[in-house]
Structures are given as structure tokens and as C-alpha cells.
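J.: based on what follows, work out the 3D shape:
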Amino acid sequence: MSAMYCLALSFQASAFYTVARITGSLVLALIRVASVYPLKFILDGLSQQDTIQMVGAAQWLLIMAGLNVLRILIEHLDIYMQRVHDDLFQKLVSEQLLEKAVDADLKVYDSPDYYDYFETIQMDAFTFPQVLGDILESIAAVVSFAGVFFVLSQKNILGALLLTLVNVPSALCLQQCTKLLYQYDLSQMKNKRKQNYIMYVATQRGYAQEIRCFHLGEYLKGKYQSLFLAIFSKKKGILRRRALIAALFGILPEIVDFLLMVFVVQGVLGGKNTVGDFSWYAGIFAQIEAYISILSMRITNIYDNQLKLDHMREFQHFHAKNIVDGSETLDKITSIEFDHVGFQYPGSERMALSDISFTVHTDECVMLAGVNGSGKSTMIKLLLRLYDATIGEVRINGKNIREYELTSLRKSFGVYFQNGANFDFSLRENIGLDENLDDAVCAQVLERCGGSDVLKSCGGNLDIAMGRSFEDDGLEFSIGQKQKIAIARALCREKSCYVLDEPSSSLDPEAENMVYDYIRERSRGKITIFTSHRLSFVKFADSVLVIEEGVLIEHGRPKELLKQSGRFSELYHMQEKQ
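T.: As a prediction, the model looks like this:
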């Protein structure tokens, strides 16, 4: 079944190359079987030293050369087709993995099991071209073996059966060891992922300063080595048993081959067989052993990869997306309402939000205030349907947010996430992403977000790469500069609602004021929701929501809340004293 699944994917990647490679494998198999005969007739002709026989031997020599030339041409053509097909195959599988990954709900990242599972799938995906090669080689080996077995059985059925049967135990034992190895590798996936993480940390610029200043080099090497030993110790034992079994059972075919050749030699010495027969038997025996060995190895590989393919096939049906898309198109946001909303993160025992209720209308700017971990960012995630509320409803324009198409919903927002991510793409791509925005627009918005220093660094060239991961002339920006770029991304498009989570956390005072002035300008006639630890920027807000441990404890206009002796007033005056 797994082989058929792999072949189906192969045809999906390229029907032409799949058929061409199968045809080539079958032709090569027939050529190898046919090539056994010319050498026998050549040797018989030479040994008889008869003119007619010598002419026949020369003809057979020409046929053998022709078969070899044809074999070489087909083998090189097959190498070309294999490499092209492998690339097309890998592209198909990678695209399927990418589609599954980018479409997954955010909640999958809350579980370490998902990381183990997806990393396993990424590793297993690279086995597909190998499996296809094993399947095609198996087809060729079966055809070749069937041919030489049939030919040998006409003269020595017992020898044909013996040579076949003595190879079976080795193949079965190798399959069992292969299964044990793969199951063990799966059980150690978390440790392997930790190894990969340590390697990632050790080689990334973002960690380089801490590693050197805190002398973490030896610590990281020690952790890597201990993880390696934890994985390697048991695996070494499995590999040792596999090698021992393969060696012991691998001797049996050699013993049988030796005994059979002794009988052939006796026949030549007794005049029952010719010198050509000796060559013929030697070639047939060698081919039977070779094809059985190839078939055994390929079947073992297919069995090994069958476990991976089964894993991959399960992933095809893995539902990482549970947020159901709505059918309504959202054109413009005029109101947002949280109606007794409660939320609990998957796997958590406590409520991140409890009984949150408020309403925001067009031309309102709302500030979410509260200490770290109070639930502000969680409210933004619910608004964007990165998660669905556990209790209550989030409504936009009076409709349950679940009724809207996810694409039109999220495109209605201009969003900046706390510590917003940037990409190792060009500066233009980081601001405009997939939209072809004019350079002048990107530069203007970036400058309004305090990014004149960024524009100066790149000399106004928005094609410059962010970072040096791929380009030698790429620019490394400070945390504050990266934040300005991410904010420009959120504000450069005309949206009916802007949501900004800590948009000034890494900015200097001058840039802060520029950003908030621009936010205020952009948000006229729209809805704006922002969070900030710096409560002095409450002057830009029409109202404040104070969140404490997931509960809305205060809600009102800034001046009214400051007059009260509540939590907001306490936090505000606490910052004034600093």
C-alpha cells in the first residue's frame, strides 16, 4: 500500500518521468538477462578453435558490445531522469508540507508534541525520492531475477531453489532490525530536536553575544554530547545486532554457490559441460545472488521507508486546522464587541480570560492596560481568530466573528504584534510583504514611524536585504529599527481597524512620539486598539480597558480612571515616580 501511495505521488509529480523511469528499469533488466548468453557462446567458439565457431563468436562479441553500449546509454539517461524527477518529487512533497504548516491553527504551537511530529515529517519527507528509486530498482530486480531463475531452473532447478531460499532468512532479519531502528528513532525525536536546537543556537547571530559573554560554548557542547550519548548508546546495540545477523546469514549463499560451482567444474572435467557452460553458470549464479541481494536490500529499504511513508500518509489526514472558516465577507469594521468572553489555552488548567465584555465603535481609540501576563495579547489573538473563544462571543459589526471568512477578517486589520517578526527578505518585502507597494509609499510610512535612520542606513535602497543570512551586503538593524519596520508594515495599508501590541517597547522617546502621532493620524474615522506598558501614552486613547489576571477590572475614559483610586491610577502614578 505504501509503495502504491509513493507511486501515486510520483505520477502526481510527473507522469512522464515516472513512466520513462519504469520503462528504463525494465529494459535494463532484460539487457542484463540477455548479456549472460554472448559470453558463453564466445568462450565455446574460442575453445573449439573452429573457423565457423570463431566467426560465430565474433558475432556474439559484437552483440555483447551492442548490449553494453545500450545499457550504458540507458543508465546515463536514467540518472538524468532520476535527478530531474527527484527534484520535482521533492517540490511536490515540500509544497504539501508547507501548505499544512502555514494553514495550521496557532494552537498547534502550544504543544511540544506537534514540534516532534512535524520535525519527524520533515525528515521523513526526504525519503520519498529514495523510496521511488527503491521501488523501480525492485521492479528491475524482480524481472531480472525471474528471467535468470527460469533459465537456471531449466538445467538445475535444485540449485536455483537453494540459491533463492538461503537468502530469505537474512532479508527477514534485516527487516525486523530496520523496524526496531525506526521505532527507536521516533522515540528519540525530542532529544534529536534538542540537538538541532543547540546547533541552531550555536550558529545564529542572535545568540552569538550571549554565548561569548557568558562563556556558554562548553556548556552547549556538553549538552549536545550528553544528548548524543543518550541517543547513540542503545542505537549502537541495535546496529551491532543487525551487522552480526547480516554477516552470519550472508555466509550461507556463498557456501551454496561454492558447492554448486564444484559440481559444474566436475562436469567440465568429465566432459559433460563446456568451458562456456562454466562461464554461463558462474554468470547466472552471480546474477541470481546479485538480484536477490539487490531485491533484499531494496525490500528492506522499502520496509524501512514504509514506516516513514505510513507516518507521512497519516500526516496527510492530520487536521491541524480546527478553526472553521465562515462564509460572510468582511469589507469594513464599524464595531467590535466582546460579550462575556472567556478563554483557556489548550492544555492549560486556568482561564487566560474570564467574562470580558466591552464594545468599541468607529473613530474610537482604545488602550488595553495591565501588567505582563494579564491577558492583553490574548484578547488580540481572539479578535484575529488565531484562537476561538472558549466561552462567550466576539462580534464584529454585530455578527459573531465565526461567521466571517478568515481571509477577509484578518485582512481588515492592520496588525503589529509584540516583538513583531521581520524576515530575511528585502526591506521592501518586509514592509509590503506580498503586495507590490510603491517605494515612495514604503519610505514615507517608514519615515513617519521614526525610521529615517533605517532609510539613511540603506541609502534609500529598499531592495537591500535585512540581515546577512543570504546576502553579503545585507544590513543588520537594531531591535528598535526592526520594530519601526514592523510598525510600518502594519500602518502602510488602509485598514478599518488597527491593532498594535506594545508598538513602542524598544523605541527611543523621539521615535515613540512620532509613532503615536502617526497612529493617531491613521486611525481617524477608524477603530484603533493598542497595548502599552508606558501609560503616559493614554493621552492618545479615548477609553482604557484595565485587565488584571484575565479579568476586566476597570473600563472608562482616561481622565475618569485617573481621578479614581483604582488599579489604572495606581500603575500610572507608579510610572510617574520612576
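J.: please count neighbours and contacts with C-alpha atoms only from this point.
T.: Will do.
J.: please enumerate the helices of the stretch 51-200 of the chain.
T.: Using DSSP state H, counting those that start in this stretch, the helices of the stretch 51-200 of the chain run over 51-103, 112-125, 128-153, 157-165, 168-187, 189-203.
J.: pick the most deeply packed of those helices.
T.: Per residue and on average, the most neighbours among the helices of the stretch 51-200 of the chain fall to helix 128-153, with a mean of 20 (mean count of other CA atoms under 10 Å).
J.: what mean pLDDT does stretch 345-356 get?
T.: Averaged across stretch 345-356, pLDDT comes to 90.
J.: what's around residue 567, how many residues?
T.: Residue 567 is flanked by 17 other residues according to other CA atoms under 10 Å.
J.: from residue 101, how far off is it?
T.: Distance of residue 567 to residue 101, computed by CA to CA, to the nearest Å: 41 Å.
J.: how far does stretch 385-398 stretch from one end to the other?
T.: End-to-end distance of stretch 385-398 (CA to CA): 16 Å.
J.: give me the contacts around it.
T.: Contact with stretch 385-398 is made by 105-107, 323, 333-344, 355, 381-383, 400-401, 406, as judged by CA atoms under 8 Å, 6 or more residues apart in numbering.
J.: out of these, which are buried?
T.: Buried positions within the contacts of stretch 385-398, assessed by neighbour count (16 or more other CA atoms under 10 Å), are 105, 107, 333-344, 382-383, 400-401, 406.
J.: the residues you listed in helices, which ones?
T.: Within the buried ones among the contacts of stretch 385-398, residues falling in helices by DSSP state H are 382, 383, 406.
J.: output those residues as JSON lines; include the columns distance to residue 500.
T.: JSON lines is the format used below for those (distance: CA to CA, whole Å):
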{"residue": "382", "distance to residue 500": "14"}
{"residue": "383", "distance to residue 500": "12"}
{"residue": "406", "distance to residue 500": "19"}
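J.: just checking, which of those comes out lowest on pLDDT?
T.: Lowest confidence among these: residue 406, with 90.
J.: so that one sits right up against residue 325, yeah?
T.: Yes: between residue 406 and residue 325 there is a contact under CA atoms under 8 Å: 5.8 Å.
J.: and the gap between the residue nearest to the spatial centre of the chain and residue 132?
T.: Nearest residue to the geometric centre of the chain (CA atoms, centre = their mean): residue 122, 4.0 Å. Residue 122 sits 17 Å away from residue 132, going by CA to CA.
J.: residue 492 now?
T.: 48 Å.
J.: residue 425 now?
T.: 35 Å.
J.: residue 437 too?
T.: Residue 437 sits 44 Å away from residue 132, going by CA to CA.
J.: right, and the helix or strand after the helix or strand hosting residue 561?
T.: Element membership for residue 561, per DSSP states H and E: helix 558-563. Next along the chain after helix 558-563, taking DSSP H and E as the criterion, comes helix 567-576.
J.: that following helix - what's its average pLDDT?
T.: Helix 567-576 carries an average pLDDT of 83.
J.: quick one: contacts of it?
T.: Contacts for helix 567-576 (CA under 8 Å, 6+ apart): 369, 370, 534, 535, 536, 546, 554, 561, 562, 563.
J.: rerun at 10 Å
T.: 369-371, 533-536, 538, 544-548, 553-555, 558-564 (CA atoms under 10 Å, 6 or more residues apart in numbering).
J.: likewise stretch 236-246?
T.: Outside stretch 236-246, the residues touching it (CA under 10 Å, 6+ apart) are 169-171, 173-178, 180-181, 184, 232, 234, 247, 250.
J.: switch to 6 Å and redo it
T.: In this structure, residues lying in contact with stretch 236-246 by CA atoms under 6 Å, 6 or more residues apart in numbering are 170, 177.
J.: list the buried residues in stretch 547-565.
T.: When burial is assessed from 16+ other CA under 10 Å, stretch 547-565 yields the following buried residues: 547, 548, 549, 550, 551, 552, 554, 555, 557, 558, 561, 562.
J.: which residues sit against that stretch?
T.: 352, 353, 354, 356, 370, 374, 375, 543, 544, 545, 546, 569.
J.: could you list the buried residues of stretch 416-434?
T.: Applying 16+ other CA under 10 Å to stretch 416-434 flags 416-420, 422, 424-432 as buried.
J.: same question for stretch 22-30.
T.: By neighbour count on 16+ other CA under 10 Å, the buried set for stretch 22-30 is 22, 24, 25, 26, 27, 28, 29, 30.
J.: quick one, phi psi at the first one?
T.: Spelled out, that is residue 22. phi -60, psi -40 (degrees, to the nearest 10).
J.: now it: closest residue in space that isn't a chain neighbour?
T.: Leaving aside its sequence neighbours, residue 22 sits nearest to residue 136 (CA to CA, 6 or more residues apart in numbering; 6.1 Å).
J.: hmm, back to that, OK, contacts around the residue nearest to the centre of the chain?
T.: No contacts exist for residue 122 under CA under 6 Å, 6+ apart.
J.: and residue 414, that one's in a helix?
T.: No: applying DSSP: H, G, I helix; E, B strand; the rest coil, one finds residue 414 to be strand, outside a helix.
J.: tell me the bridge partners for it.
T.: residue 498 (DSSP bridges).
J.: burial measure for residue 575, as a count.
T.: By other CA under 10 Å, 12 other residues sit near residue 575.
J.: from residue 372, how far out is it?
T.: Applying CA to CA to residue 575 and residue 372 gives a distance of 15 Å.
J.: how about residue 345?
T.: Note on residue 345: its distance to residue 372, by CA to CA, is 17 Å.
J.: contacting residues for residue 134?
T.: So residue 134 contacts residue 298 (CA under 6 Å, 6+ apart).
J.: ok, 8 Å please
T.: Counting by CA under 8 Å, 6+ apart, residue 134 touches 298, 299, 301, 302.
J.: what does residue 180 give?
T.: Shown in contact with residue 180 (CA under 8 Å, 6+ apart): residue 238.
J.: and the pLDDT for it?
T.: Here, the pLDDT recorded for residue 180 equals 78.
J.: how about residue 563?
T.: Here, the pLDDT recorded for residue 563 equals 88.
J.: do you know the pLDDT at the closest residue to residue 184 other than its chain neighbours?
T.: Leaving aside its chain neighbours, residue 184 sits nearest to residue 235 (7.5 Å; criterion: CA to CA, 6+ apart). pLDDT for residue 235: 85.
J.: surely residue 331 is within a helix?
T.: No: applying three-state DSSP, one finds residue 331 to be coil, outside a helix.
J.: pretty sure it sits against residue 412.
T.: Yes: in this structure residue 331 lies within contact range of residue 412 using CA under 8 Å: 7.0 Å.
J.: more crowded one of those two?
T.: In terms of neighbours (other CA under 10 Å), residue 412 is the more surrounded of residue 331 and residue 412; the figures are 20 against 12.
J.: ok, the more buried one - contacts?
T.: Counting by CA under 8 Å, 6+ apart, residue 412 makes contact with 330, 331, 332, 333, 495, 496, 497.
J.: tabulate those residues in JSON lines, adding columns for pLDDT and distance to residue 521.
T.: JSON lines is the format used below for those (pLDDT from 0 to 100; distance: CA to CA, whole Å):
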{"residue": "330", "pLDDT": "94", "distance to residue 521": "24"}
{"residue": "331", "pLDDT": "91", "distance to residue 521": "21"}
{"residue": "332", "pLDDT": "93", "distance to residue 521": "18"}
{"residue": "333", "pLDDT": "95", "distance to residue 521": "18"}
{"residue": "495", "pLDDT": "92", "distance to residue 521": "13"}
{"residue": "496", "pLDDT": "93", "distance to residue 521": "13"}
{"residue": "497", "pLDDT": "95", "distance to residue 521": "13"}
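J.: which of those residues count as buried?
T.: 330, 332, 333, 495, 496, 497.
J.: could you report the neighbour count for the residue nearest to the last one when sequence neighbours are not counted?
T.: For residue 497, the nearest residue in space outside its immediate sequence neighbours is residue 527; the separation is 4.6 Å by CA to CA, 6+ apart. Neighbourhood size, residue 527 [other CA under 10 Å]: 24.
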